[in-house]
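**Q** Fold the following and give me the result.
(chains A, B, C and D)
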Protein chains: 4
Amino acid sequence: MTLHTDALRDHACLIVHGPDQPGLVASVTALVTRNAGNIVTLDQYSDNPAGGAFFQRVVFHRPDLQAAMPDIEADLAVTLEPYRMQWRLTDLSIPKRMAILASTSDHCLLELLWRHRRGELPVTIPMVISNHTNTAEDVRAFGIPFFHVPSHGTDKTAAEAKIAQLLAGNVDFVVLARYMQILSDDFLEQVGVPMINIHHSFLPAFIGAAPYRKAKERGVKLIGATSHYVTKDLDEGPIIEQDVARVDHTMTAADLQARGAYVERAVLARAVQWHAEDRIIRHGNHTIVFQ
Amino acid sequence: MTLHTDALRDHACLIVHGPDQPGLVASVTALVTRNAGNIVTLDQYSDNPAGGAFFQRVVFHRPDLQAAMPDIEADLAVTLEPYRMQWRLTDLSIPKRMAILASTSDHCLLELLWRHRRGELPVTIPMVISNHTNTAEDVRAFGIPFFHVPSHGTDKTAAEAKIAQLLAGNVDFVVLARYMQILSDDFLEQVGVPMINIHHSFLPAFIGAAPYRKAKERGVKLIGATSHYVTKDLDEGPIIEQDVARVDHTMTAADLQARGAYVERAVLARAVQWHAEDRIIRHGNHTIVFQ
Amino acid sequence: MTLHTDALRDHACLIVHGPDQPGLVASVTALVTRNAGNIVTLDQYSDNPAGGAFFQRVVFHRPDLQAAMPDIEADLAVTLEPYRMQWRLTDLSIPKRMAILASTSDHCLLELLWRHRRGELPVTIPMVISNHTNTAEDVRAFGIPFFHVPSHGTDKTAAEAKIAQLLAGNVDFVVLARYMQILSDDFLEQVGVPMINIHHSFLPAFIGAAPYRKAKERGVKLIGATSHYVTKDLDEGPIIEQDVARVDHTMTAADLQARGAYVERAVLARAVQWHAEDRIIRHGNHTIVFQ
Amino acid sequence: MTLHTDALRDHACLIVHGPDQPGLVASVTALVTRNAGNIVTLDQYSDNPAGGAFFQRVVFHRPDLQAAMPDIEADLAVTLEPYRMQWRLTDLSIPKRMAILASTSDHCLLELLWRHRRGELPVTIPMVISNHTNTAEDVRAFGIPFFHVPSHGTDKTAAEAKIAQLLAGNVDFVVLARYMQILSDDFLEQVGVPMINIHHSFLPAFIGAAPYRKAKERGVKLIGATSHYVTKDLDEGPIIEQDVARVDHTMTAADLQARGAYVERAVLARAVQWHAEDRIIRHGNHTIVFQ
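**A** Presented below is the predicted three-dimensional model:
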């Protein structure tokens, strides 16, 4: 079920994860109840009931949530301390702030802007940054600020520094909407918020550059796209979502790329929506996605 | 996650549904905990948090479950009484008993028998009943009893009486695996257990007989199949599962039927599995399916 | 294979259909060869080799096509006369002129404009006509003329007359991109070019108004969309393309509508592309689509 | 369109491929016509109209085909000689002879036997060979000979020799239906007929052993299967067909394997059907599939 920000007043999302132990679900649900919350959805998963890892997402309605947040957080700290669980509590009526990095391709970028305008992505978009200028007019027509940060030559230090400066303090996560630059480890650390990428193949197939050309050469009958969190290992981060489209022998590598663009924009949009709705928990190199 | 009966020792499934009220989830989870249960999965859904209907499915592990069942049931009766909820508690290690009714077509019938043999359907199959004999040898090769109950002429009373007699007391639910006879209301009442049917169209399109011929006449580009609970209103019962396959102008009605058989067997198998695993709650003419 | 207009210089598309007879394929291919054409793709279909209907689509390259068109057409008239076949020959490098009629919803409209801008739809778009003004700015940002023709009250005669006047002589086909007005038979006759509609259900299910509400009421597990040619019988015209998306019990009718919008835009875009590329032959209430 | 052998009396399939040249399609269709053939389907593809490779498949009906075959073949040799084309002409009413090699898994094996019994695979099955005995009874229940050739230890020479002896002269192609032995180059050469394998991943991802375990480790959201022709390079042969199924974080590697079995059997069955119907042309490491 899609939850829109305008319907989310006084709704909180609680994420809990850590070592699985008996009684966890009962403890958490009792905590919500004694803090005057009414559970709207509850998902939980244990990767091994005998000593594995436990993951839970609870959405609850609580009148006057903002005023009650400190009390609920204090209760959580006390209640979950003996279980050694990690947790985070968010007010779902406060949209996350999402920056988009793009290059010349517009299909992923415009899809996100357009879904946002329809009210389907519970985020604000403080800025789009591109190393090209061709999408500036389109972006600004959506009422979104556009910044051009060119990436000349092989030394990306200056460009990354400028991007990091624009992002600093202004965003909760970053989306690489076919941003065709490899980012340095330093940059990732400096930005310090989650980054979501879209890769134009069904990873781990055709890792690296030119996946549609490689797909044509291998003669596959399906092409795909993968959205994943960015880590220091290129194309190796935790996968959030994937999908494929059928192709055949008549299609050139350019045809695969054109067809693939529609898979890419759909896969990225779903991944962004789930992240924005706090549905994803990262665990090692995996994702738990509570849909 | 597919749960197999051999891994389900001491696992209980609790289904609760009724008017949505604050505190329900906490009450149920507390009850499980105080009865020494450890929650393995929990799904819940409310069709309207403000005064709607509430549905919950909890699977929990409880050592020595059989011995504890009466105490847990007594606790449930007391705990849920003020909420006016319906509930049912089942021991997931006890497979449901499933009868299959079939006619000449073997694709749905054999798919169920074969999945059962692979250990993927947590049921026992005490009998297959058919109004034809062509599948007898195949069925018995799976070690399943086969009964032939012919359906001659327009008076089906005698045949239905014989079938009802075979089923009485021996089965927990019945699957109509392309059983091509219309069942009387009296028969449904007499049998008194859930019945699952597979209809060879994406209902409500092409309701009634000869859906593939109708699909060809209408020139659709997708054909489908629908599994639903049987009610007195033909093809109108609560839908459990549906799927489709792509077709094109070159295919005859016979081609559609051949292609559709693969959709039918997959859709029916999923519906049967979900029913066998107690994942479905009926509500009015709808189903809540906790996957 | 997607053919783009810029790569289509000197490419002709020949459509032939009529009663199936031996030697037809050889006659047509010989004609192409003796007119200095080289066949690029050839598709053909007979709905019954013994006395059925025959359909053929041939794309061929012919240097200096424009100059040769009259000679080829004269040859076709002579060659196909004894077979009593219908045929049409088009220069694929000349894009068809497509008008779009829309209402408040923008998802189908913008998808078509955006695919056109990417060079994926081999059409020109001389105008968008809407009975609302909300999409005017978006449309004009694509460099496309926008005309507002309100549809007040129950008498649509004046509005239809104005639309017909705008279209007259300027378009080769019309797309109803969620245009929420029922069109009169007189209007269809007056416009006199093919019209393509997108219906928001997998026809023939949920025919008529409010299909997503009906889908929710019936409890289906798939929703769909259907693109079809417009005829005098509402929602009964020849189906061009259909697709579906999976839904579940948690989704409201509004959720189904939001999810369905993505199916609608994809289905309509495919249908429009196939029509623009002359891949569709209408036959009775069916379509032959040569993909 | 599925063509069944009983409807294929006097139907020939002509495959032509080689360097693309103007007039090829006209030459071939004229040849069919002057040999009293009526074209039923015609597919053709050129990977580059300017000097690329050309592929054509023509199915035609010709009364008394058997008697006319030598004349048609002589005409083909003369007609296509100046074009330097490869060609093969087959009588579609003569089913190909297909051997199946299997191990303990029965899902691919039984699917092929069952589709064959339904009349959906235009082949005869002279034998099933397995290195295990568990499926013997099932195979023989279909009326198909079963041979047990154990594969003990690391020296497979003796086993391969025995299999080659069984196959010699008796089969037109071989299907590896989850046959879990690596075949030597010598064996492939000795057998000398096409071999079709099913790999349990969406190649080229998870090449080699244990793909479901690798898929779980990587955290993919789709699993797949690939059917390909066997070459000396393991898992590197020309891909015939692929498909995928959606999975999620709750599924173990064993769950992926169980889910994947349904993708495997469907993908292999389609590949086998296309090969049996002479719809596939191999070209380098690619396949042209005329569906």
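**Q** for chain C, what are the nearby residues on the stretch 51-200 of chain A?
**A** A:107, A:110, A:114, A:118, A:120, A:137-138, A:141 (CB under 8 Å from any CB of the partner chain). To be clear about C-beta, it is placed using only N, CA and C from the backbone, and glycine gets the same treatment.
**Q** One more pass at 10 Å, please.
**A** Residues of the stretch 51-200 of chain A lying near chain C by CB under 10 Å from any CB of the partner chain: A:106-107, A:110-111, A:114-115, A:117-120, A:137-138, A:141-142.
**Q** who's A:Gln242 bridged to?
**A** A:Thr226 (DSSP bridges).
**Q** Ok, A:Asp43 next?
**A** Assigned bridge partners for A:Asp43, using DSSP bridges, are A:Arg57.
**Q** I'd like the distance between it and A:Leu65.
**A** Remark: distance between A:Asp43 and A:Leu65 (CB to CB, to the nearest Å) = 20 Å.
**Q** the more surrounded of the two?
**A** Using other CB atoms under 10 Å in any protein chain shown as the criterion, A:Asp43 and A:Leu65 rank with A:Leu65 on top: 22 against 18.
**Q** For B:Phe54, see how far away that one is.
**A** Between A:Leu65 and B:Phe54 the distance, using CB to CB, works out to 22 Å.
**Q** Residue of the stretch 101-250 of chain A nearest chain B, please.
**A** A:Arg246 (9.4 Å; CB to the nearest CB).
**Q** circling back: what subset of the residues of the stretch 51-200 of chain A next to chain C is buried?
**A** A:106-107, A:110-111, A:114-115, A:120, A:138, A:142 (16 or more other CB atoms under 10 Å in any protein chain shown).
**Q** okay, those in TSV with secondary structure and distance to chain B next?
**A** Shown next, in TSV, are those (DSSP: H, G, I helix; E, B strand; the rest coil; distance: CB to the nearest CB, whole Å):
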residue	secondary structure	distance to chain B
A:Asp106	coil	30
A:His107	helix	25
A:Leu110	helix	28
A:Glu111	helix	25
A:Trp114	helix	27
A:Arg115	helix	25
A:Glu120	coil	21
A:Asp138	helix	33
A:Phe142	coil	33
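**Q** so who does A:Leu268 touch?
**A** A:107-109, A:111-112, A:175-178, A:196-199, A:225-227, A:240-241 (CB atoms under 10 Å, 6 or more residues apart in numbering or on different chains).
**Q** and A:Asn38, what is it in contact with?
**A** For A:Asn38, the contacting residues are A:11, A:32, A:60-63, B:20-26, B:46, B:49-50, by CB under 10 Å, 6+ apart.
**Q** From the structure, what's the count of residues near the residue nearest to A:His200 when sequence neighbours are not counted?
**A** Excluding the flanking residues, the one nearest A:His200 by CB to CB, 6 or more residues apart in numbering or on different chains is A:Pro211, at 5.2 Å. Residues near A:Pro211, counting by other CB under 10 Å, number 25.
**Q** ok, A:Pro211 touching A:Ile198?
**A** No - A:Pro211 is beyond contact range of A:Ile198, at 11.6 Å (criterion: CB atoms under 10 Å).
**Q** quick revisit: local confidence estimate at the spatially closest residue to the residue of the stretch 101-250 of chain A closest to chain B that is not a sequence neighbour?
**A** Leaving aside its chain neighbours, A:Arg246 sits nearest to A:Leu222 (6.0 Å; criterion: CB to CB, 6+ apart). What the model reports for A:Leu222 is a pLDDT of 97.
**Q** where's A:Leu222 relative to D:Arg246, distance?
**A** 13 Å.
**Q** Between the two, tell me which one has more neighbours.
**A** A direct count of neighbours by other CB under 10 Å for A:Leu222 and D:Arg246 places A:Leu222 higher, at 22 against 11.
**Q** Identify the residues contacting A:Ile94.
**A** A:5, A:8, A:66, A:122, A:124, A:172 are the contacts of A:Ile94 under CB under 10 Å, 6+ apart.
**Q** What distance do you get for the residue of the stretch 101-250 of chain A closest to chain B to D:Gln242?
**A** Following CB to CB, the distance that separates A:Arg246 from D:Gln242 is 9 Å.
**Q** Spit out the residues that contact the two alike.
**A** By CB under 10 Å, 6+ apart, the residues touching both A:Arg246 and D:Gln242 are A:221-222.
**Q** Show me what from the stretch 101-250 of chain A comes close to chain B.
**A** A:Arg246.
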